[in-house]
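Colleague: What shape does this take:
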Amino acid sequence: MKEVTLQVEGMSCGHCVKSVEGALEPLGARGVVDLAGKSVKVAYDEGKVSLEQIKEAIEEQGYDVV
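Modeller: Numbers count the residues shown, from 1 in each chain. From the prediction side, this is the model:
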């Protein structure tokens, strides 16, 4: 499993946490949101999903990966 921390703008509440973490589950990735740090720590299998797919899944929820 590879781990990466992404800076994500626009998250502010528990609903945001559920949206982002929930968007990663179907990809087989596990995300842990840090609202104060405006970041998401993501663990994923590079053989099953790309970093670009992870970013797209987060952005589809209405957040900006910077």
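Colleague: Parallel or antiparallel, list what pairs with the longest strand belonging to the chain.
Modeller: Scanning the chain for the longest strand, with DSSP state E as the assignment, gives strand 2-9. As defined by DSSP bridges, the strand partners of strand 2-9 come to strand 39-44 (antiparallel), strand 64-65 (antiparallel).
Colleague: Run the chain-centre distance for that strand.
Modeller: 7 Å (Cα atoms, centre = their mean, to the nearest Å).
Colleague: Mind checking the strands paired with strand 2-9 for the one nearest to Glu9?
Modeller: strand 64-65 (4.3 Å; Cβ to Cβ). For every residue, glycine as well, the C-beta is placed using N, CA and C.
Colleague: Now tell me what touches the closest one from outside.
Modeller: Contacts to strand 64-65, defined as Cβ atoms under 8 Å, 6 or more residues apart in numbering, come from residues Leu6, Gln7, Val8, Glu9, Gly10, Lys55, Ile58, Glu59.
Colleague: List just the nearest of those residues to Gly22.
Modeller: Among the contacts of strand 64-65, and counting by Cβ to Cβ, the member closest to Gly22 is Ile58, at 10.7 Å.
Colleague: how would you label the closest one: helix, strand or coil?
Modeller: helix (DSSP: H, G, I helix; E, B strand; the rest coil).
Colleague: hang on, the earlier thing: so for the longest strand of the chain, what gets flagged as buried?
Modeller: Leu6, Val8 (16 or more other Cβ atoms under 10 Å).
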